[in-house]
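Participant: sequence and predicted structure are below.
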Amino acid sequence: MAIAKQPELLPTESLVLDYNLSLIPRLKILLSFTRSDIFLKPIDEWQLRLSLTNLLRDSLAITVSDGDITVEKFKDLKKRKRVEPVASGVVYLWDLSKVERGMREETRSLNERFEEWKNYVVGKLDGVELNVEGLKLRISAEVPAEDEFQKMKMSWEEFYAARSRGFGMRNMMQRPDTLILEGIPSRWFSEPRVSSKVSILVTHSIFSKFGKIRSPNHTFLFHP
């Protein structure tokens, strides 16, 4: 796929694709919970989600729905040391209105403001002690590496800078111009009025938004 020169998207800006699909920006935060006292009590996942919702609302004035928070307790709690996590979770923040929107000429400053806001939110969650019905848990919060775009871009460029040549067929899946997508419903790439199967026409139309597709011989592996 030959990468086309496109205007840089603002961190709060959506990318509209064809066939009623859009890429919507959000902030994803990974959470882990460790005990902050010596007592071992059962973890109620519903109460933990509720406590997180209240913490976001009271400390950061951020409202999230139940579907934007997932938590999962580990099964081997009695075998875990005190310093080991007893539960994990993920929070998705879709409302980025607190980040001031600017014009394209202000892209740099808006990116900086978004980074500052992201670090502020993560900092407010990281290290906080959460009381869940008498159970005291300490939160560790971080943004996943794949969501740190600038760091990922720099790492990608450095990794492939010395490997721009010599990619054979055996290494096709490791080429810098190869996209691997997982966990995407195949129906997103179908023509509902024609068939429920993946449509090459729809697929090419969508991915053409990211650049000109150089070769028509692409293999798409989708699961229902």
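Facilitator: That came through, no problem.

Participant: the residue positioned nearest the centre of the chain: what secondary structure?
Facilitator: For the chain, the residue whose C-alpha lies nearest the mean C-alpha position (CA atoms, centre = their mean) is Lys28; its distance is 4.9 Å. Three-state assignment for Lys28 (DSSP: H, G, I helix; E, B strand; the rest coil): strand.

Participant: and it, what is it in contact with?
Facilitator: Val90, Val91, Tyr92, Leu93, Val143, Pro144, Asp147 (CB atoms under 8 Å, 6 or more residues apart in numbering). (Glycine included, C-beta is placed from N, CA and C.)

Participant: distance check, the fifth one against Asn54.
Facilitator: Look at Val143 and Asn54: by CB to CB, to the nearest Å, they are 22 Å apart.

Participant: looking at the two, which one has more neighbours?
Facilitator: Val143 (16 against 11; other CB atoms under 10 Å).

Participant: distance-wise, check that one relative to Arg193.
Facilitator: Taking CB to CB, one finds Val143 at 40 Å from Arg193.

Participant: just to revisit the earlier point, which pLDDT value belongs to the residue nearest to the centre of the chain?
Facilitator: Looking at Lys28, its pLDDT is 94.

Participant: who does it form a beta bridge with?
Facilitator: Partner residues in beta bridges with Lys28, using DSSP bridges, are Tyr92.

Participant: which other residues reach the longest helix along the chain?
Facilitator: When the chain is scanned for its longest helix (criterion: DSSP state H), the result is helix 107-125. Residues outside helix 107-125 that contact it (CB under 8 Å, 6+ apart) are 8, 10-12, 27, 29, 31, 55, 59-60, 62, 93, 96, 98-102, 139, 141-143.

Participant: again, but for stretch 70-85
Facilitator: Applying CB under 8 Å, 6+ apart, the contact partners of stretch 70-85 are 31-35, 38, 40, 43, 45, 48-49, 52, 86-90, 140.

Participant: repeat that for 6 Å
Facilitator: Residues from elsewhere that reach stretch 70-85, judged by CB atoms under 6 Å, 6 or more residues apart in numbering: 32-35, 43, 45, 48-49, 86-90.

Participant: what residues sit buried inside that stretch?
Facilitator: Val71, Lys73, Pro85 (16 or more other CB atoms under 10 Å).

Participant: quick one: it to chain centroid distance?
Facilitator: Computed by CA atoms, centre = their mean, to the nearest Å, the separation of stretch 70-85 from the middle of its chain amounts to 24 Å.

Participant: gap between the two ends of it?
Facilitator: One end of stretch 70-85 sits 16 Å from the other (CA to CA, to the nearest Å).

Participant: please apply the same query to stretch 68-83.
Facilitator: With CA to CA applied, stretch 68-83 spans 27 Å between its terminal residues.

Participant: now stretch 12-30
Facilitator: 20 Å.

Participant: what comes up buried for it?
Facilitator: In stretch 12-30, counting by 16+ other CB under 10 Å, buried: Thr12, Glu13, Leu17, Pro25, Leu27, Ile29, Leu30.

Participant: right, I'll call it a day here.
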